[in-house]
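Engineer: My questions are about this predicted structure, shown below with the sequence.
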Amino acid sequence: MTSPSDAPGGTKTPQVAFRDARTLADPVFEVGGLSVFYGDHEAVRDVNMTIGRQQITAMIGPSGCGKSTVIRCFNRMNDLIPTARVAGKISYHDEDLYGREVDPIEVRRRIGMVFQKPNPFPKSIYDNIAYGPRVSGFKGNLDDLVEETLTHAALWDEVKDKLKTSALSLSGGQQQRLCIARTIAVEPEVILMDEPCSALDPIATAKIEDLMERLSREFTIIVVTHNMQQAARVSHRTAFFTADVDDKGERHGRLVEYDETIRIFEHPADQRTEDYISGRFG
Ligand SMILES: Nc1ncnc2c1ncn2[C@@H]1O[C@H](COP(=O)(O)OP(=O)(O)OP(=O)(O)O)[C@@H](O)[C@H]1O
């Protein structure tokens, strides 16, 4: 049996309790023949996968295999990169996410994103949460919304007495939970997380993982992580990517294997997955 190691090439670590996989019968996203180009370079080639509702899907793989590129496709963040072009199809509840009539701003409200480095607005804790709802015309009681949202993000008790202080005065882990709270304040359906814990210490990381687990009862979460223990601990399904090198020496990211997390870590179907998770390459 393979133990997920903390880092490629790292030491073996103790077994984790895998989460029960859930059905894909009620998909949020269906990805078919997805390729992403930066200029002429096909950075990711022919990705096919289905993302289930209210579950955590982890994306793992060596540096440069296209994980961030793929996660950015799910809320059209690649639209903001002038050289990027997306081919193939991503359906969101059976609707073409890249269809002409689809508004990318609305896409990013329904499909929020949390980044590697916590990036709160240089405003008060309160205003970080209130900003999105205000902009989208929220008519209810903002104080209540701020309290509910911060409670939901497991941050209320730590910040309730200093809501008017700058968000930048919080610790890195608190800032990241604030960013998650800011994302959920506008009631998205999906939260994308691109290495959300890579700038955090183990205690702050554990708090984010607990939060992810709780949020997955309500939201659909896709997370890119370099930490295989984290993928094993938190996710229901895992996608393993790698990069092939072609005749011209160009690297193209590929989805090698996508399955229930327990299968990826205990009985991977592909030797490359086995080699990666056991730390033999990376
Ligand atoms: N904005 C960009 N412009 C041009 N090429 C890019 C851009 N972003 C990524 N790439 C290229 O696309 C490929 C995949 O990069 P990407 O960042 O998606 O990989 P990754 O698996 O997330 O890597 P890492 O784990 O190091 O963050 C790489 O060859 C990278 O150089």
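Structural biologist: Thanks, I have the structure now. A quick note: this is a predicted structure, and the numbers were derived from the prediction, not measured.
Engineer: so how far is stretch 253-272 off the chain centroid?
Structural biologist: Relative to the centre of its chain, stretch 253-272 is centred 18 Å away, using C-alpha atoms, centre = their mean, to the nearest Å.
Engineer: ok, now stretch 203-212?
Structural biologist: Distance of stretch 203-212 from its chain centroid, counting by C-alpha atoms, centre = their mean, is 14 Å.
Engineer: Next, the buried residues of it.
Structural biologist: Applying a neighbour-count criterion of 16 or more other C-beta atoms under 10 Å, one finds 204-205, 207-209, 211-212 buried in stretch 203-212. (Each C-beta comes from the backbone N, C-alpha and C, glycine too.)
Engineer: so how many other residues sit close to Asp194?
Structural biologist: Counted with other C-beta atoms under 10 Å, the neighbours of Asp194 add up to 20.
Engineer: That one bridge partners, please.
Structural biologist: Legend: beta-bridge partners of Asp194 under DSSP bridges are Val224.
Engineer: show me the contacts for it.
Structural biologist: Listed by C-beta atoms under 8 Å, 6 or more residues apart in numbering, the contact partners of Asp194 are 67-68, 71-72, 113-116, 223-224.
Engineer: ok so, going back, and the buried residues of stretch 203-212, which is closest to the ligand?
Structural biologist: The shortest approach to the ligand among the buried residues of stretch 203-212 belongs to Thr205, at 17.1 Å (C-beta to the nearest ligand atom).
Engineer: just to revisit the earlier point, now, which of the contacts of Asp194 lie within strands?
Structural biologist: 113-114, 223-224 (DSSP state E).
Engineer: isn't there a strand covering Gly140?
Structural biologist: No - per DSSP: H, G, I helix; E, B strand; the rest coil, Gly140 lies outside any strand segment and is coil.
Engineer: So what pairs up with Pro27 in the strands?
Structural biologist: Beta-bridge partners of Pro27, counted by DSSP bridges, are Gly52.
Engineer: Next up, the contacts around it.
Structural biologist: 50-53.
Engineer: any idea which element Asp143 lies in?
Structural biologist: According to DSSP states H and E, Asp143 maps onto helix 142-152.
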